[in-house]
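Participant: Below is the structure, and that's it, no one-letter string:
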């Protein structure tokens, strides 16, 4: 419509009412359709090529959407939604987008039939509340003492759709061992989290209700402490976890240095981690030195050299056997290290050094100045380990520190044929690590493979008929929308989705009709390889309960956000004045 006809002179376009909703829903469905075919253990991968020709091959919903430059504002809400799910839970990014888009589509159909959006939104909200309550009461299995089997099953479920799905047994064990190796008490973990800023693992509103009520000691598993290194060559099954060890992608600065240093029984290997330049000391910018006597120039040069030499001498006197720095080391300084038989590496990644400092119980040193204004090297800052070796991995060398004496940091070295495969393995492993971590922290699990969605759908349809308000319709649509997950899973597996979903719903309807004989059917989910339904808890297809609850919450919130919009004003860009 013409904006000036409304009495508003807007420099732009204004769309109102149904036009906006249809536009928003179309955009949301377009985004969901992109990731739809990548859902599930038989999902397909996407190949994304950016403007400079870099290729990215992935199955991870959040990564796919992150790479797309989405213009439409409503579709961008879904992209943010996938990022949020990735950040909070780590897994389930594809399903959260698909559910949100389906809710939107069905909500819009209701609005078209003359139901007010507010009623639809209220219906969605009460459906979500009922769904979460039912899920917590009926579907969640409390596993007070998680054994490794459950964790490995959850990790395998998370990996099943990824490139490493075929070797899931191997990688699931790797993921579980890696997460367990960084276990620490909750209070200490929060300090560590603060060190690696940006790692968000705050326990949220959903967690306490799921966790054990008993006041037993809680542990946290900061994933930021797990360092993932990617190296070309060998097969993916040659990937390994260095327990109590740490690998850093750096090599000796000079060939004259030893390739390995080992500890003696009374003297462990000390590592100095620096965040400063070990180069000849130069005057700062803007400092002028006026020299009357030309002989003094030599002395100034000599003193400049000596300043750095004294610094290095302090580090060597402290007993350092390995020196790692994020900045440069010049030849003059290298000479002292080579003479002292010390391994020195320059231009290390600062985050890696922080992790190494945590693993070895040391600190990253930014300056050597002490309170008195002199320079000294505090011996508490040294990290301690049993041995440091330079080992050849793939195309380059890496420094390995074995037997680290600090707490909780470990390294996973991934091997693979090419960059794309390594990147995709990294993403898949990250998802699995998140799932294992969530499981260890909340001690609860639910059946996977569409079981939860089918059960909630059947339950909400019954629940809707008990209501006497118009929200009944919205709740029924919510129930139908949840079935999009089992349907998509079946379609991607090239199975007959209508028949499988019908079987699945009938199994759940039997289990919910208070007939004790059929109560065992409540964990029925899809087996996509055989194309039948089965008890997924027994088959070992499990997910952390918290990730299911969160993805329902996030999807509903996103759908509501977009449904509430009934007016869109797009301003024209300002024309530069002539």
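Facilitator: Great, that's in hand. In this text the structure is predicted, and so the values were computed from the model without any measurement.
Participant: Helices of the stretch 51-200 of the chain, residue ranges please.
Facilitator: Assigned by DSSP state H, counting those that start in this stretch, the stretch 51-200 of the chain shows helices spanning 61-67, 73-88, 93-112, 117-134, 148-159, 168-181, 186-195.
Participant: could those helices be laid out in TSV, adding distance to residue 446 and mean neighbour count?
Facilitator: Just so you know, the C-beta spots here come from the backbone N, C-alpha and C atoms, and that holds for glycine as well. As requested, those are arranged in TSV below (distance: least, C-beta to C-beta, whole Å; neighbours: other C-beta atoms under 10 Å):
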stretch	distance to residue 446	mean neighbour count
helix 61-67	20	23
helix 73-88	16	21
helix 93-112	13	24
helix 117-134	12	20
helix 148-159	10	23
helix 168-181	18	21
helix 186-195	24	14
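Participant: Which one of these lies nearest to residue 39?
Facilitator: helix 93-112 (4.8 Å; C-beta to C-beta).
Participant: mind pulling up the phi and psi values for the residue positioned nearest the centre of the chain?
Facilitator: Taking C-alpha atoms, centre = their mean as the criterion, residue 90 is the residue nearest the geometric centre of the chain, at 4.7 Å. Main-chain dihedrals, residue 90, degrees, to the nearest 10: phi 100, psi -30.
Participant: What helix or strand is the nearest residue to it once chain neighbours are set aside located in?
Facilitator: Closest residue to residue 90 in three dimensions, ignoring its sequence neighbours and counting by C-beta to C-beta, 6 or more residues apart in numbering: residue 434, at 2.2 Å. Using DSSP states H and E, residue 434 sits within helix 419-442.
Participant: going on from that helix, what's the next piece of helix or strand?
Facilitator: As the chain continues past helix 419-442, the following element, by DSSP H and E, is strand 444-447.
Participant: any idea where the strands of the stretch 401-550 of the chain begin and end?
Facilitator: With DSSP state E, counting those that start in this stretch, the ranges of strands along the stretch 401-550 of the chain come out as 410-416, 444-447, 524-527, 532-535, 542-544.
Participant: Can you lay out those strands as CSV showing mean pLDDT, mean neighbour count and distance to residue 235?
Facilitator: Shown next, in CSV, are these (pLDDT from 0 to 100; neighbours: other C-beta atoms under 10 Å; distance: least, C-beta to C-beta, whole Å):
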stretch, mean pLDDT, mean neighbour count, distance to residue 235
strand 410-416, 85, 23, 7
strand 444-447, 85, 26, 31
strand 524-527, 84, 26, 29
strand 532-535, 85, 17, 32
strand 542-544, 85, 28, 28
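Participant: can I get those in CSV with distance to residue 94?
Facilitator: CSV is the format used below for these (distance: least, C-beta to C-beta, whole Å):
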stretch, distance to residue 94
strand 410-416, 23
strand 444-447, 18
strand 524-527, 16
strand 532-535, 22
strand 542-544, 13
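Participant: Just list whatever residues bridge to residue 260.
Facilitator: Residue 260 has these beta-bridge partners by DSSP bridges: residue 389.
Participant: Could you check the pLDDT of it?
Facilitator: pLDDT recorded at residue 260 is 86.
Participant: Neighbours of it, how many?
Facilitator: 14 (other C-beta atoms under 10 Å).
Participant: mind checking how far the residue of the chain most remote from its centre is from residue 375?
Facilitator: Distance from the centre of the chain peaks at residue 293, with 62.8 Å (C-alpha atoms, centre = their mean). As judged by C-beta to C-beta, to the nearest Å, residue 293 and residue 375 stand 28 Å apart.
Participant: What residues sit buried inside stretch 568-578?
Facilitator: By neighbour count, with 16 or more other C-beta atoms under 10 Å as the criterion, the buried positions of stretch 568-578 are residue 568.
Participant: ok, residues contacting that stretch?
Facilitator: For stretch 568-578, contacts defined as C-beta atoms under 8 Å, 6 or more residues apart in numbering pick out 3, 10-16, 20, 23, 73.
Participant: And for stretch 29-48?
Facilitator: 55-59, 61, 64-65, 67-68, 70, 75, 78-79, 82, 94-95, 97-98, 100-102, 104-105, 160-161, 163, 165, 424, 485, 488-489, 492-494, 528-529.
Participant: Understood, closing this out.
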